[in-house]
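> just a sequence and a predicted model for now, questions to come.
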Amino acid sequence: MFLSEKLIDFSDKNMLQHFEFERLLLDRTIPSGRKTLQAAELPEGATSATPAQNDWKDRLSVNSLDAFANAKLAQLEGASLRRHFAETRRELWPDEGPIIFRDGRRLLSFSCNDYLNLSQHPLVKAAAVAAIEAYGAGSGASRLVTGNHPLFAELEQRLARFKGSEAAAIFGSGYLANLGIIPALVGEGDLILVDALAHACILSGSRLAPAECRIFHHNDLDDVRRILGAERARFRHALLVTDGVFSMDGDLAPVEALAALCAEYDVWLMTDDAHGLGVLAGGRGSSFIDGHKSDVPLQMGTLSKAVGGYGGYLCASEAVIELLKTRARTLLFATGLPPANVAAAIAALDIIENDVELTMRPLAKARAFTRHLGLPEAQSPIVPLVLGAAEAALAASKMLEEEGFLVVAIRPPTVPEGTARLRFAFSAAHRDADVARLATLVVERIPFRIEPAPCLPFS
Ligand SMILES: Cc1ncc(COP(=O)(O)O)c(C=O)c1O
């Protein structure tokens, strides 16, 4: 049916009448080729179509679309799940850290993924400006056509070297990378295993592949072994995809143990290290914990978090990268990343590779915060405080905002139902005194219980 009863239930009385009228119209069979209704075809109570309504089919489709959107918005509003984009100006204040200006307020931000504050670094900005001067503001076409400007090769070589792989490919964004990589590697007759708390774009990429997908319990090696033991033999190839650092929970995947399990069952392991690059293991990410490289043949990540800019990447063998450059649709059929973004990423990588102390700071701040709160020790610069209901998370965020801190509330569907939370993201530039003041406020003003987030699958 065109408009579901469920949606109508959420609308106000006027809307309900409006929907009902449109539904009656839509449910009628209109003889093909005709654009007007005759009197006998009109729903009860309606007057006959006037000349001005001769375009009713077009008008109706526009109105029903808006009606759908309005009803959906009303439903989301009622559940405190409607989103708004707040105009935000970000600056890095040398003596204070990441400052945000929004809605007439000046706030210290704990909600940016710019963990090393490199988006504001003078060398990174200068590299972007110079690239625009040299190559222009955009790439002009996909990399396959004429968009493969000379900066790509340098960034790909640099990333591959840093991540200990043979080669790399740069995508337009991390999201596009996952949408392109997964369906290029697995298809019909193949199996994909995905962690229950994996990022939305891993699930989206998996849905695009005509392979069978199994969601395993979050970070649960026994569940992975159970699925593989029962099902691996039925499939030609198998791919296991997980966040290296979970974006909303801040915990790490057991990469080393997953690599061993994948080797045992001939499964290709792919980690999404969006939140690991630049801030874990001297900046090299979640495949390098404990000082050595785990056997992860597909290391995906983004340039939009600690690297401070925009773009996605995959580090892998020469053969895999060549295959993706021939088969990944989001690489072939989307415009190449603009020169400024690629140049900024090269400059940021320079800083990351040469300043290990900088890369360690965000995690140190997060750990100081979790110590203060008595939470389990932070594993990454991301610390969640799960509060349950969306309203509770919104109220806590509002309280902190009134005290000068920006800590955005994260609600379903970004996280599973019932696990709305504050997500604290720590950066190298946060002052210890501010971290301590924030922690004190949380302890004194926000009722929370220390318990792990439930490991429910969500989409
Ligand atoms: C784990 C993870 N993967 C992928 C992405 C998408 O990356 P991008 O923002 O570069 O598209 C994000 C960003 O939010 C993320 O947190």
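Thanks, I have the structure now.
> what is the burial count for the residue lying closest to D103 once chain neighbours are set aside?
Counting by CB to CB, 6 or more residues apart in numbering, D103 lies nearest to A86, which is 6.2 Å off, once chain neighbours are set aside. C-betas here are computed from N, CA, C, even on glycine. A86 has 10 neighbours, counted by other CB atoms under 10 Å.
> show me what contacts the closest residue to the ligand within the stretch 51-200 of the chain?
Residue of the stretch 51-200 of the chain nearest the ligand, by CB to the nearest ligand atom: G174 (2.4 Å). Neighbour list for G174: C201, D272, A274, M300, G301, T302, L303, S304, G311, G312 [criterion: CB atoms under 8 Å, 6 or more residues apart in numbering].
> try it again at 6 Å.
Residues near G174 by CB atoms under 6 Å, 6 or more residues apart in numbering: A274, T302, G312.
> buried subset of the residues you listed, written for ChimeraX?
Buried residues within the contacts of G174, by 16 or more other CB atoms under 10 Å, are selected in ChimeraX with:
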select :274,302,312
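> just give me the closest of the contacts of G174 to P413.
A274 (18.5 Å; CB to CB).
> report the buried residues of stretch 370-389.
Those would be 370, 373, 375, 378-387, for stretch 370-389 by 16+ other CB under 10 Å.
> which bits of this protein sit near the ligand?
Contact residues (CB under 6 Å from any ligand atom) of the chain with the ligand: 173-175, 199, 201, 243, 247, 272, 274-275, 302, 304, 312.
> what two of the residues you listed have the greatest distance between them?
Farthest pair in the residues of the chain next to the ligand, by CB to CB: S173 and D243, 15.9 Å.
> where does the protein have low pLDDT?
Applying pLDDT under 70 to the chain flags the ranges 1-62, 451-459.
> before we move on, back to that, the more surrounded of S173 and D243?
Ranked by neighbour count (other CB under 10 Å), S173 and D243 place D243 first, with 27 against 19.
> what about D220, distance to the ligand?
Here D220 is placed at a distance of 19 Å from the ligand (CB to the nearest ligand atom, to the nearest Å).
> that residue: neighbour count?
14.
> that one and L258, how far apart?
Distance from D220 to L258, counting by CB to CB, to the nearest Å: 11 Å.
> likewise E96?
The gap separating E96 from L258 is 40 Å, by CB to CB.
> now G140
40 Å.
> nearest residue to L400 other than its sequence neighbours?
Among residues not flanking L400 along the chain, V407 sits closest, at 5.0 Å (CB to CB, 6+ apart).
> thought the one you found was touching R421?
No - between V407 and R421 there is no contact under CB atoms under 6 Å: 9.9 Å.
> how about residues contacting stretch 277-286?
115-116, 244-245, 252, 255, 273, 276, 288-289, 301, 306-307, 352, 356, 359, 362, 381.
> show me this structure divided up by domain.
5-78, 89-118+356-445, 121-354 (automatic domain parsing).
> and among these, the most buried is which?
Highest mean neighbour count of the domains of the chain: domain 121-354, a mean of 20 (counted as mean count of other CB atoms under 10 Å).
> now do the same end-to-end measure for it.
Domain 121-354 stretches 15 Å from its first residue to its last (CA to CA, to the nearest Å).
> check contacts around G164.
G164 sits next to K293 when contact means CB under 6 Å, 6+ apart.
> if we use 10 Å, what do you get?
By CB atoms under 10 Å, 6 or more residues apart in numbering, the contact set of G164 is R284, S287, F288, H292, K293, V296, Q299, C315.
> L422 now?
By CB under 10 Å, 6+ apart, the contact set of L422 is 110-111, 383-387, 392-394, 396-397, 400, 405, 407-410, 442, 446, 448.
> so of those, which ones are in helices?
The members of the contacts of L422 that map onto helices under DSSP state H are A392, A393, L394, A396, S397, L400, V442.
> most widely separated two among the residues you listed?
Greatest spatial distance in these: L394 and V442, 15.3 Å, computed using CB to CB.
> from memory C112 sits against P98, does it?
Yes - counting by CB atoms under 10 Å, C112 touches P98, with 5.6 Å between them.
> please identify every residue contacting each of those two.
Jointly contacting C112 and P98 under the rule CB under 10 Å, 6+ apart are R90, L92, S119, L406, A425, S427.
> against A86, how distant is the nearest residue to the fourth one once chain neighbours are set aside?
Spelled out, it's L406. Nearest residue to L406, sequence neighbours excluded (CB to CB, 6+ apart): L107, at 4.0 Å. Remark: distance between L107 and A86 (CB to CB) = 11 Å.
> overlap in contacts of those two?
Both L107 and A86 are in contact with I100, L406, where contact means CB under 10 Å, 6+ apart.
> returning to that earlier point: overlap in contacts, V407 and R421.
Shared contacts of V407 and R421 (CB under 10 Å, 6+ apart): V383, L385, A393, A396, S397.
> what's across from the second one in the sheet?
L385 forms beta bridges with L422, as assigned by DSSP bridges.
> stretch 124-141: how far from the chain's middle?
26 Å (CA atoms, centre = their mean, to the nearest Å).
> no wait, stretch 358-375
When C-alpha coordinates are averaged (CA atoms, centre = their mean), stretch 358-375 and its chain have centres 23 Å apart.
> do the same with stretch 373-380
With CA atoms, centre = their mean, you get 23 Å for stretch 373-380.
> leaving out chain neighbours, which residue sits closest to E322?
Going by CB to CB, 6+ apart, E322 has A167 as its nearest residue, at 7.7 Å.
> and that neighbour, bridged to which residues?
Assigned bridge partners for A167, using DSSP bridges, are A316.
> isn't it up against Q299?
No - assessed by CB under 10 Å, A167 is found out of contact with Q299, at 11.3 Å.
> what touches both of the two?
L159, A160, L314, C315, A316.
> export those to a markdown table and tack on distance to A344?
Listed next are the shared contacts of A167 and Q299 as a markdown table, based on distance: CB to CB, whole Å:
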| residue | distance to A344 |
| --- | --- |
| L159 | 14 |
| A160 | 18 |
| L314 | 19 |
| C315 | 19 |
| A316 | 23 |
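> fine by me, we can end here.
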